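> Build me a model:
(2 chains)
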Amino acid sequence: MADQEQFEPVIIGFTCNWCSYRAADLAGTARIKYPPNVRLIRLMCSGRLDPTFVLKALSGGADAVLITGCHPGECHYIEQNYKAMRRFLLMRRTLAQMGIEPGRIKLVWASAAEGVKLAQEITNMVEEIRALGPLNWPKPADGNGHLSVKPELEEVAA
Amino acid sequence: MSANGSKPKFAMYWAASCGGCEIAVLNIHEKILDVDANFEVVFWPVAMDAKYKDVEAMPDESITLTLFNGGMRNSENEEMAHLMRRKSKILVAFGSCAIEGCIPGLANFSSTQEIFDAAYNTTSTDNPQSIRPQFDYSVPEGELRIPEFYPVLKTLDQVVKVDYYMPGCPPESHQIAAVIDLVIKALHGEAQLPPPGSVIGAGNSTVCDECPRKRNEKAIKQFTRIQDLQTPDPVLCLLEQGIPCNGPATRSGCGALCPQAGAQCIGCYGPAEGVLDFGARLMTAFASVIDSKDPDEIERILDGLVDPAGQFYRFGLAGSLLRAAKPAFSKQ
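Numbers count the residues shown, from 1 in each chain, chains lettered A, B, ... in the order given. Purely as a prediction, here's the structure:
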């Protein structure tokens, strides 16, 4: 509808190579639709998720972060998804103190077979964030802070 | 102070800070005589009389070394940061405040309104008429203006380019002495300065690396504040005893003074090499050692961390990725 401008949230989604990324893939091959508001980033495991990634996403313009991983007990690396869960719970508390609504970060378990479930979770989250409104974290006013200094990239052989 | 104008010039300035950094510099004892022998001190408000206009009159880049401590709490701080940058060849962000905001930066958890309420209207303040500072005020003699208060405290390198970072709250005196030695040697052509942007006067590892306490595989069922512990083990790693110790994320350089004295590391040396966000690294560290797979039990264990954001950003809030909590950005 052209007459009302709808807020389109940007959600960064971290997926696990062994389960939730494949669930997203399955959703694609099965032609299950989910909103394009989520930008998926594949990690080898939810245990790879450094809270820095979440803080960087939120401070850099994302409205929310979705963290996904294998169901408890099914981690490819034995128990790293439990670490992800503990980080998530601690992060949510810390962010709440920073004035960021707990709903802006979400943890979802999705196996490689759960394309429908993942698509549904993404759809729900987009609506929840749409209701919360934009996060719009302020950027440093001028460009010369160390936050804007880009680390030197190292060339890595393919 | 020598009147010999041929000596390299030295300056030290404080913005939003406590003055502990200046004391740490004086704490280098007889080494301070080397500073005087090798430098002409041209500007150091805490130690000598000088006016801003004296600095303004100096040629650009005429000060060889400026140690700048303190964060950008108001427009005066920022103006001085620009002035000192223009007049200095080497500008060092000296101490935690200049680098990452430190304790004054904790105000970034609160709105301007809350900060002013705390400063001017709490029960311990004798201010019955609720008088607040006016930034512009007209008197018969003319217009009076005081520096503008910033809602969000900024770090030095968020406003000017910084050549070196010297962490610590305050930096340890032996580290300051070593840095002064190095600069003097470099001036005589006997040593080379590290590449610009480097962290100086500190290690490249973590406090844990310098800590002599005994470490095993960590598995924590409960976080405890150190004052609540009846008999803390004198040799075992503090984190293993459930005491939230910031050592795993903190840069080495202090010699692990606090853990050796039986107190947890509070993180005053800032993030370790390669750490972008101090709090994020600590969240990882603390979450990794919790010995539970049950969400309810994990929540119960986390209840032991009474103030996670305060624990993680005690020194580095202004320099962290988020820089402040939401209320501070609200401009009220």
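> switch to C-alpha atoms for all contacts and neighbour counts from now on
Fine.
> Report how many residues lie close to whatever residue of the stretch 151-300 of chain B ends up closest to chain A.
Across the stretch 151-300 of chain B, the shortest distance to chain A (C-alpha to the nearest C-alpha) belongs to residue B:158, at 3.5 Å. Residue B:158 has 26 neighbours, counted by other C-alpha atoms under 10 Å in any protein chain shown.
> what's the answer for the one 10 residues further on, then?
As a burial measure, residue B:168 scores 26 neighbours (other C-alpha under 10 Å).
> burial of the closest residue to it other than its chain neighbours, as a residue count?
Nearest residue to residue B:168 in three dimensions, chain neighbours excluded: residue B:269, at 4.3 Å (C-alpha to C-alpha, 6 or more residues apart in numbering or on different chains). Counted with other C-alpha under 10 Å, the neighbours of residue B:269 add up to 30.
> Who are the contact partners of residue B:269?
Each residue near residue B:269 by C-alpha atoms under 8 Å, 6 or more residues apart in numbering or on different chains is listed here: B:96, B:167, B:168, B:169, B:171, B:250, B:251, B:252, B:253, B:254.
> Just list the residues touching the closest residue to the last one other than its chain neighbours, thanks.
Pointing back at residue B:254 there. Spatial nearest neighbour of residue B:254, chain neighbours left out: residue B:172 (6.3 Å); criterion: C-alpha to C-alpha, 6+ apart. By C-alpha under 8 Å, 6+ apart, the residues touching residue B:172 are B:24, B:253, B:254.
> how far away is residue B:118 from chain A?
Distance, residue B:118 to chain A, using C-alpha to the nearest C-alpha, to the nearest Å: 19 Å.
> a strand runs through that residue, doesn't it?
No - looking at residue B:118 with DSSP: H, G, I helix; E, B strand; the rest coil, it is helix, so not inside a strand.
> which residues of the chain fall in helices?
Defaulting to chain A. A:20-29, A:51-59, A:80-97, A:115-132 (DSSP state H).
> That was the other one, I meant chain B.
Taking DSSP H as the criterion, chain B contains helices spanning B:20-26, B:31-38, B:52-57, B:75-87, B:96-100, B:102-105, B:112-120, B:173-187, B:207-210, B:257-260, B:278-289, B:295-302, B:308-312, B:326-329.
> Count the residues that sit near the residue nearest to residue B:312 when sequence neighbours are not counted.
Leaving out its chain neighbours, the residue that sits closest to residue B:312 by C-alpha to C-alpha, 6+ apart is residue B:279, at 4.4 Å. By other C-alpha under 10 Å, 29 other residues sit near residue B:279.
> list the contacts for residue B:279?
Per C-alpha under 8 Å, 6+ apart, neighbours of residue B:279: B:309, B:312, B:313, B:320.
> OK, contacts around the second one?
The one in question is residue B:312. B:246, B:278, B:279, B:280, B:282, B:283.
> closest to residue B:224 among these?
Using C-alpha to C-alpha, residue B:246 is the member of the contacts of residue B:312 that sits closest to residue B:224, with 13.7 Å.
> related to what we said a few turns ago, and the residue nearest to residue B:168, how far is that from residue B:201?
Applying C-alpha to C-alpha, to the nearest Å, the value for residue B:269 to residue B:201 is 10 Å.
> Show me what from chain B comes close to chain A.
For chain B, the contact set with chain A under C-alpha under 8 Å from any C-alpha of the partner chain comprises B:109, B:157-161, B:276-277, B:280-281, B:283-284, B:287-288, B:290, B:293, B:295, B:298-299, B:302, B:308-309, B:321-322, B:324-327, B:329.
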